[in-house]
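Enquirer: would you be able to build a 3D model of this:
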Amino acid sequence: MKKTELLAPAGNLEKLKFAIRYGADAVYLGGTEFGLRAYAGNFTIEEMKEAVEFAHDHNSKIYVTVNIIAHNEDLDALPEYLLSLESLGVDALIVADPGIVKIARETVPNMELHLSTQASNTNWSAAKFWYEFGIKRVILARELTLGEVKEMVEMVPEMDFEAFIHGAMCVSYSGRCLLSNYFAGRDANRGQCAQPCRWEYDLIEKKRPDQNFEITQDHLGTYVFNSKDMNTIEILPQLIDSGLKSLKIEGRMKSLHYVATVVKVYREAIDLYLNDPDNYELKQEWITELNKPSHRPFFPGFYLEDPKENKDSQHINTSKYYRDYDFIGVVLEYDENKRMAKIEQRNLFSVGENVEIMNVKGPSFEFEISEIVCNEEDVNIDRAPHAQQFIWIPVPQRTDQGAILRRYSK
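Expert: Below you'll find the predicted structure:
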């Protein structure tokens, strides 16, 4: 069966390296300009150079977002920026604005262009239109059903198609919401969304502006625009069989723990299905793992039903995040003779706590921290309180460099 690409997000260089180590075939990232995540870490040109070199050394690709909806003043610096990305060896540009597409075709004609979900491509005729203008891949709108995805692939076989499989959903067509502009003066279409869809809203009567009336019986008001998160692990075979070229994970502003965990689960599932589709079975451990990083309640997106038919499937009446585990450290190295692991601390932990290690490959395992040795002073300590402190702890079995140390949080 033809290989299906797993595409992961990277908000900074560290997350990029973890995404690739945990199995991403490609990573998408944004520079400090022209991308739709202005408040993510984002990459300088120097960091992009390192990112491209690391990715190519590990047989992975780098796609850079240039997907703002541009105003006139945004275009002046664009040609120079595109030329710099080409010189770095970036594998593709993710674009949405027709003006940016035009300038990219004129400035860097040999670079591959992917049409962002920001362009809201929902039909095969639009895909043909974009193909004629030099687009190699379309990242489909999240509002499509599986049947519509299959039809797109069949009607435009010359085009590569990519679709989201996991992560946050937009209450509007992706990024086309004006709430952020109205409430906060921050343009969602230029990378500055304040996410007002996650805010709490009440009803105000015109003649009683000093009184707020709850829209529901919930004493906190109602979250009328809040969306569940997408999780397609249970329908992954159908997505692969639809003919999609690339399966995309959302989350450039998500944690390192999120990136590593979600990439690992989908990597294992994709490989298992492609290697033996007739005997493929969904593993309960994948469902469990995807609940460990911070997330909102899950649903499978609109792949199984048209959003027009069931508007309640996406909505959730809370902005609460759920998280079963706390990310507390990263394994830097493992001494097999001493059965000790060097840890870079990311959250407070203490002797006597039960913790879990998620290896880069293979199953996770639990153990109790029996000892903490401070790396700098070579003395035993009861707790590791300092962010990014280097310490050693006994680990009962071999673990990978880059493994995640985490603790059950409930």
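
Enquirer: scan this structure for its longest helix.
Expert: helix 256-275 (DSSP state H).

Enquirer: list the buried residues for that helix?
Expert: 256-270, 272-273 (16 or more other Cβ atoms under 10 Å). Every residue, glycine included, has its C-beta placed from N, CA and C.

Enquirer: how much distance is there from that helix to the middle of the chain?
Expert: A distance of 12 Å separates the C-alpha centroid of helix 256-275 from that of its chain, computed with Cα atoms, centre = their mean, to the nearest Å.

Enquirer: do stretch 266-283 as well
Expert: 21 Å.

Enquirer: for it, how far is the first residue from the last?
Expert: End-to-end distance of stretch 266-283 (Cα to Cα, to the nearest Å): 11 Å.

Enquirer: before we move on, what about stretch 3-20?
Expert: 17 Å.

Enquirer: pLDDT of that stretch, averaged?
Expert: Stretch 3-20 shows a mean pLDDT of 96.

Enquirer: ok, now stretch 298-311?
Expert: 79.

Enquirer: and if you look at stretch 49-67?
Expert: 97.

Enquirer: run through the helices of the chain in chain order.
Expert: Counting by DSSP H, the helices of the chain are 13-21, 45-57, 78-88, 98-107, 124-132, 146-155, 179-184, 236-241, 256-275, 284-290.

Enquirer: what would those look like in a markdown table with distance to G30?
Expert: Output for the helices of the chain, formatted as a markdown table (distance: least, Cβ to Cβ, whole Å):
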| stretch | distance to G30 |
| --- | --- |
| helix 13-21 | 11 |
| helix 45-57 | 10 |
| helix 78-88 | 11 |
| helix 98-107 | 14 |
| helix 124-132 | 21 |
| helix 146-155 | 26 |
| helix 179-184 | 17 |
| helix 236-241 | 25 |
| helix 256-275 | 15 |
| helix 284-290 | 25 |
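
Enquirer: ranking those helices by mean pLDDT, which is last?
Expert: Among the helices of the chain, helix 179-184 carries the lowest mean pLDDT (a mean of 73).

Enquirer: elements contacting that one?
Expert: The contact analysis (3 or more Cβ pairs under 8 Å, 6 or more residues apart in numbering; DSSP states H and E) places helix 179-184 against no helix or strand.

Enquirer: give the buried residues for that helix.
Expert: In helix 179-184, counting by 16+ other Cβ under 10 Å, buried: 179-181.

Enquirer: quickly name whichever of these is closest to Q238.
Expert: L179 (32.9 Å; Cβ to Cβ).

Enquirer: got the domain boundaries for the protein?
Expert: Domains of the chain are assigned by automatic domain parsing as 5-173+226-313, 325-408.

Enquirer: go through those and pick out the most buried.
Expert: Comparing those on average neighbours per residue, with mean count of other Cβ atoms under 10 Å, the densest one is domain 5-173+226-313 at a mean of 19.

Enquirer: and that domain, end to end?
Expert: 28 Å.

Enquirer: any idea how far the spatially closest residue to L348 that is not a sequence neighbour lies from E14?
Expert: Leaving aside its chain neighbours, L348 sits nearest to P385 (5.5 Å; criterion: Cβ to Cβ, 6 or more residues apart in numbering). The span separating P385 from E14 equals 22 Å under the rule Cβ to Cβ, to the nearest Å.

Enquirer: cool, M230 as well?
Expert: Applying Cβ to Cβ to M230 and E14 gives a distance of 25 Å.

Enquirer: wait, what's in contact with the residue nearest to V149 when sequence neighbours are not counted?
Expert: Of all residues not flanking V149 in the chain, S242 sits nearest, at 4.8 Å (Cβ to Cβ, 6+ apart). Residues in contact with S242 (Cβ atoms under 8 Å, 6 or more residues apart in numbering) are 146, 149-150, 153.

Enquirer: do the same with R339
Expert: 394-397.

Enquirer: for P300, same thing?
Expert: P300 neighbours (Cβ under 8 Å, 6+ apart): 230-232, 234-235.

Enquirer: let's see 10 Å
Expert: When contacts are counted by Cβ atoms under 10 Å, 6 or more residues apart in numbering, P300 touches 146, 165, 228, 230-235, 238-239, 313.

Enquirer: can I get the buried residues of helix 179-184 in TSV with distance to I381?
Expert: Formatted as TSV, these follow (distance: Cβ to Cβ, whole Å):
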residue	distance to I381
L179	48
S180	45
N181	50
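
Enquirer: F133: which of the residues you listed is nearest?
Expert: Closest to F133, out of all of the buried residues of helix 179-184 and judged by Cβ to Cβ, is N181, at 28.0 Å.

Enquirer: gap between the residue nearest to that closest one when sequence neighbours are not counted and S350?
Expert: Leaving aside its chain neighbours, N181 sits nearest to D187 (5.6 Å; criterion: Cβ to Cβ, 6+ apart). Going from D187 to S350 by Cβ to Cβ gives 45 Å.

Enquirer: among the contacts of R339, which are in strands?
Expert: P394 (DSSP state E).

Enquirer: averaged pLDDT, stretch 385-396. What do you get?
Expert: Mean predicted confidence for stretch 385-396 is 93.

Enquirer: distance between the ends of it?
Expert: 23 Å.

Enquirer: now do the contacts for the nearest residue to A92 once chain neighbours are set aside.
Expert: Nearest residue to A92, sequence neighbours excluded (Cβ to Cβ, 6+ apart): E112, at 4.0 Å. By Cβ under 10 Å, 6+ apart, the contact set of E112 is 61, 63, 90-93, 134-137, 160.

Enquirer: and of those residues, the nearest to K248?
Expert: Of those, the one sitting nearest to K248 (Cβ to Cβ) turns out to be Y63, at 9.8 Å.

Enquirer: re the thing from before, wait, which of the buried residues of helix 179-184 is closest to A10?
Expert: S180 (23.5 Å).
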